[in-house]
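*Asks:* Need a 3D model of the following:
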Amino acid sequence: MTGRRLNIVVTVGMGPWPFDRLMHGVAPLCDAHDIFVQSGTSTIVLACEVRDFVPFDELQRRMHAADIIITHAGNSVRLAQRMDKLPLAMAREKRFGEMGNDHQVAYLRHEEALGRVAAAWTPEAVSALVANRAEWGLPDSVERPDPAGGAAMLVSAWKNILANPFSRQRDPLSAYLWEELNQSAGPHVHIGAEEDVRPLMSVLPKLQIHVQGSPSAPLAPSCTSVSAGFDLDGEAMRAIGRSLPSQGALILSGKRRRSEEAMMRLGLTGFRVQRRDYAWRTAFVTARADGSGAGRS
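*Replies:* From the prediction side, this is the model:
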């Protein structure tokens, strides 16, 4: 596809590792489009506007205005998606010295399978995806939002953040559970230690939180949501799936390295992943019982 010059924003994140493969993938696009590149520690010279690091608010503004966002398979993927944009993403890989592990590879495969990214697995694929953007669902132009509407959305988002009593505390589990459950009337079951959810009990009494130490114990009658760690096995997840109503929430948390394994099990037990997030080296997944009957007797 040919056409007008596109406004393209490229970001590689804030990590210490260079991402030269993505820079090589972007290089052929510089003559044909207006491109801004946040390059990180890469020393590759590009014929377009390049800065190593930029303030987060500036990057957000540039991403909002962009026709296409090209990014590493990190948190900026989710940021682009929350702007209602389909990001073009390439995963950093350990074997190329781009990352300390391959969690971006697993994450990109997951998002690609759900149709939430255009995945570039080689540098050459970056320019090919842009050239054939209609086939992959990448826009030829961006519909600019109404400024007043955009401001209202930002105000609403900030009000929600400020309302979270745990947003400024180093308690990522309570903060995440509050975001997911503050509008719920419960009952909610937490599989784990009572101390994990004691702070939440004090601020959300209406949630009717029940704590049980074993995933094999029967859940509280009529529970609408469950929180647990990523160490649940497949049988425990199936049992939860049989107990939750359609659209009931399963919220998992734990160290990041465990998240992909748990995500794979989720896909086998009748749940649809709704949200993933990270905070303080902790991964969170919210999934909804999809009503398909998988995992149910």
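*Asks:* What's the local residue count around Met23?
*Replies:* Number of residues near Met23 (other CB atoms under 10 Å) recorded here: 22. Yep, even glycine has a C-beta here, placed from its N, CA and C like the rest.
*Asks:* Equivalent analysis for Cys48, please.
*Replies:* The number of residues near Cys48, taken as other CB under 10 Å, comes to 16.
*Asks:* The one 5 residues further on too?
*Replies:* Using other CB under 10 Å, Phe53 is surrounded by 14 other residues.
*Asks:* Just to check, Leu79 is in contact with His64?
*Replies:* No: using CB atoms under 8 Å, Leu79 makes no contact with His64, being 10.1 Å away.
*Asks:* which neighbours do these two share?
*Replies:* Common neighbours of Leu79 and His64, counting by CB atoms under 8 Å, 6 or more residues apart in numbering, are absent.
*Asks:* Just the endpoints, please. Distance across stretch 204-218?
*Replies:* Using CA to CA, to the nearest Å, the end-to-end distance of stretch 204-218 comes out at 23 Å.
*Asks:* Any buried residues in that stretch, and which?
*Replies:* Neighbour-count burial for stretch 204-218 flags 204, 207-212, 215 (criterion: 16 or more other CB atoms under 10 Å).
*Asks:* just stretch 119-135 next, same as before
*Replies:* Buried residues in stretch 119-135, counted by 16+ other CB under 10 Å: 119-120, 123, 126-127, 129-130, 133.
*Asks:* Okay, and which of those residues map to helices?
*Replies:* 123, 126-127, 129-130, 133 (DSSP state H).
*Asks:* Serialize those to TSV and add fields for distance to Ala91 and pLDDT.
*Replies:* Formatted as TSV, those follow (distance: CB to CB, whole Å; pLDDT from 0 to 100):
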residue	distance to Ala91	pLDDT
Pro123	12	95
Val126	12	95
Ser127	17	93
Leu129	14	92
Val130	18	92
Arg133	20	81
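*Asks:* Specify which member of the buried residues of stretch 119-135 is nearest to Ala228.
*Replies:* The nearest member of these to Ala228, counting by CB to CB, is Ala119 at 30.0 Å.
*Asks:* so Phe230 touches Ile251, yeah?
*Replies:* No: the pair Phe230 / Ile251 is not scored as a contact, 11.0 Å apart, by CB under 8 Å.
*Asks:* could you dump the ones in helices among the buried residues of stretch 119-135 to JSON lines with distance to Leu177?
*Replies:* Below are those laid out as JSON lines (distance: CB to CB, whole Å):
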{"residue": "Pro123", "distance to Leu177": "41"}
{"residue": "Val126", "distance to Leu177": "38"}
{"residue": "Ser127", "distance to Leu177": "43"}
{"residue": "Leu129", "distance to Leu177": "37"}
{"residue": "Val130", "distance to Leu177": "40"}
{"residue": "Arg133", "distance to Leu177": "39"}
